[in-house]
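[1] Take a look and give me a structure for this.
(one chain, ligands or ions: 1)
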Amino acid sequence: MAGTGVFAELVDGDGVFKYYSYGEWKKSSSGKSVPIINPTTRQPHFKVQACTQEEVDKLMEEAKTAQKSWAKTPLWKRAELLHKAAALLKEHKVPIADCLVKEIAKPAKDAATEAVRSGDLVSYCAEEGVRILGEGKFLVSDSFPGNERTKYCLTSKIPLGVILAIPPFNYPVNLAVSKIAPALIAGNSIVLKPPTQGAVAALHMVHCFHLAGFPEGLISCVTGKGSEIGDFLTMHPIVNCISFTGGDTGISISKKVGMIPLQMELGGKDACIILEDADLDLAASNIVKGGFSYRQHKSLYVVSSCGQRCTAVKVVLVMESVANALVEKVKAKVAKLTVGPPEDDCDITPVVTESSANFIEGLVMDAKQKGATFCQEYKREGNLIWPLLLDNVRPDMRIAWEEPFGPVLPVIRITSAEEGIHHCNASNFGLQGCVFTRDINKAILISDAMETGTVQINSAPARGPDHFPFQGLKDSGIGSQGITNSINMMTKIKTTVINLPTPSYTMG
Ligand code: G3H
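    Coordinates of the predicted model:
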């Protein structure tokens, strides 16, 4: 279980989880800690160190120094260490899952799956890194007008330096390694600031990297209050790149930081357009799977997080002629969802904090007041909200535009595909969307018209498989993720030009 066995050294004498710096687990000199509230019991469950700005400064300096030697470590050796960390992540999936259950109320089985998916991601990243970083480009000058073949240009990818990784609460392990592994394989060092809810799971994950034997100072993990160390971290002069997943805090970070590359994923209002010719059973299954993040049996990586995914279906836009039939099918599936604690592996578990639950309730009450049709009775106990489908939602309701990040799904009835596309594109978000139709030609036209980073045809939105490109347009983010894109994003191109005294043509 959390903080036991090989993880015992993570806990100090007062039961507070330590932070990680220079290859050691340390207590903060602040003498203060931050409590982590269990979303199910709403009681403090873990405590982490409240690190100081001086401690951040020190580990930044260490990260800068460690990166210089890491960049000189052969690529195959970097990959070897990542493979070791991947195996350790899988070996220790049970204690990592235990943290996820207690910190973010992720259902037990799905929590274990997050650790396994993370191990797979790290391994794939090591393999992909070996492939793409082992190659460069060779250009010759005579292809550009006015030049003879006197210049040979060699390009390669070099690391950026120190990468600051800030993952969100809903995947504190998986979305941390999706930043850590590309950074490390590309020769960068990492400073990780996990979310408070999910910090202990992240610390366990970091210990797997520690056990794998990465050099001192290369990986650091700092915990504490965003109000004390948040800006200090993101605006730190040693940071060469920030990879952030979360909410609109990302927008304010992007306004404050200097001239460094940013990779940001900031949520979505993923629209699901259902045309008249859609397979309604398929659409209903995907709406329930996508909207309530009900586990996906066919996938190796089950997901169950009651709508707390940036890629959840967040608004259904269905043609009026098939709306009644679709809503009935979705209602029947919603009725089968189990609701309760994560320890019982229920489909719908408590949302992460009381303030999230209050926010979701605010959206529900606004829709009620403005006349939405409630397909189920609204029910809430503490942070646990029963799944709710809201039919006949109109554009004047907040739920039509805002991201609930919870098990509440609005249905808007449309009379044309164009109306659906218009609603999707009027959103300030543009992460993913999906369209259900049997007509591939219509699907392609709609996909091209939707202003989102990805459109899924006949399936709910999803980030994975983790090597697929993953990006948001508009307020949904900056840059593209996915293993290959993240490795490339965390490098710069370096060019060396060999200038010859006379033109040299092969076979000339
Ligand atoms: O919450 C944001 C995640 O990137 C979504 O990932 O589609 O695998 O659940 P997922």
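[2] Please count neighbours and contacts with C-alpha atoms only from this point.
    Will do.
[3] Now the residue in the stretch 151-300 of the chain that the ligand sits nearest to. Its backbone dihedrals?
    In the stretch 151-300 of the chain, the residue that lies nearest the ligand is N170 (6.3 Å; C-alpha to the nearest ligand atom). In terms of degrees, to the nearest 10, the main-chain angles of N170 are phi -80, psi -20.
[4] Helix or strand next in line after the strand or helix carrying K84, which one?
    Using DSSP states H and E, K84 maps to helix 75-91. Counting by DSSP H and E, the next helix or strand C-terminal to helix 75-91 is helix 93-104.
[5] That next one relative to helix 75-91, how many degrees between them?
    Relative orientation of helix 93-104 and helix 75-91, computed by axes from the mean of the first three to the mean of the last three C-alpha atoms, to 10 degrees: 70 degrees.
[6] packing partners for helix 93-104?
    helix 108-133, helix 199-212 (3 or more C-alpha pairs under 8 Å, 6 or more residues apart in numbering; DSSP states H and E).
[7] Rounded mean pLDDT for the shortest one, please.
    The predicted model assigns helix 199-212 a mean pLDDT of 98.
[8] Just the angle for it relative to helix 93-104, thanks.
    Computed by the same axes, to 10 degrees, the angle separating helix 199-212 from helix 93-104 equals 150 degrees.
[9] Can you name the residues in contact with the helix or strand following helix 199-212?
    Toward the C-terminus, helix 199-212 is succeeded by strand 219-221 as the next helix or strand (DSSP H and E). For strand 219-221, the surrounding residues in contact (C-alpha atoms under 8 Å, 6 or more residues apart in numbering) are 19-23, 59, 63, 189-194, 203, 206.
[10] Can you pull the residues of the chain lying near the ligand?
    Selection of the chain residues close to the ligand by C-alpha under 6 Å from any ligand atom yields R309, C310, T311, A462, R463, G464.
[11] Which strand or helix spans the fifth one?
    Secondary-structure element containing R463, defined by DSSP H and E: none, the residue being outside all helices and strands.
[12] Read off the pLDDT value for it.
    R463 is given a pLDDT of 95.
[13] Tell me how many other residues crowd it.
    Around R463 there are 19 other residues, counting by other C-alpha atoms under 10 Å.
[14] Quick check: phi and psi on the residue nearest to the spatial centre of the chain?
    Nearest to the geometric centre of the chain sits L175, at 4.3 Å (C-alpha atoms, centre = their mean). Backbone torsions for L175, taken as degrees, to the nearest 10, come to phi -80, psi -10.
[15] List the contacts of it.
    L175 sits next to P167, P168, T245 when contact means C-alpha under 8 Å, 6+ apart.
[16] With A462 as the reference, measure out to S427.
    19 Å (C-alpha to C-alpha, to the nearest Å).
[17] again, but for K225
    Between K225 and A462 the computed distance is 31 Å (C-alpha to C-alpha).
[18] Repeat that for P395.
    P395 is 25 Å from A462, by C-alpha to C-alpha.
[19] So if I had to pick from those two, which one is more boxed in?
    Legend: neighbour count by other C-alpha under 10 Å for P395 and A462, higher for A462 (20 against 11).
[20] Excluding residues flanking it in the chain, which one is nearest that one?
    Using C-alpha to C-alpha, 6 or more residues apart in numbering and skipping residues adjacent in sequence, the residue nearest A462 is T311, 5.5 Å away.
[21] Surely the one you found and R463 touch.
    Yes. Taking contacts as C-alpha atoms under 8 Å, T311 lies within contact range of R463: 6.9 Å.
[22] list the residues that contact both of those two?
    If you check T311 and R463 against C-alpha under 8 Å, 6+ apart, no residue is contacted by both.
[23] circling back: list the buried ones in the helix holding K84?
    75, 78-90 (16 or more other C-alpha atoms under 10 Å).
[24] what does stretch 276-283 give?
    E276, A278, L280, A283.
[25] next one: stretch 217-231
    G217, L218, I219, S220, C221, V222, T223, G224, K225, I229, G230.
[26] Dump these into TSV; add pLDDT as well.
    Putting those into TSV (pLDDT from 0 to 100) gives the following:
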residue	pLDDT
G217	98
L218	98
I219	98
S220	98
C221	98
V222	98
T223	98
G224	97
K225	95
I229	98
G230	97
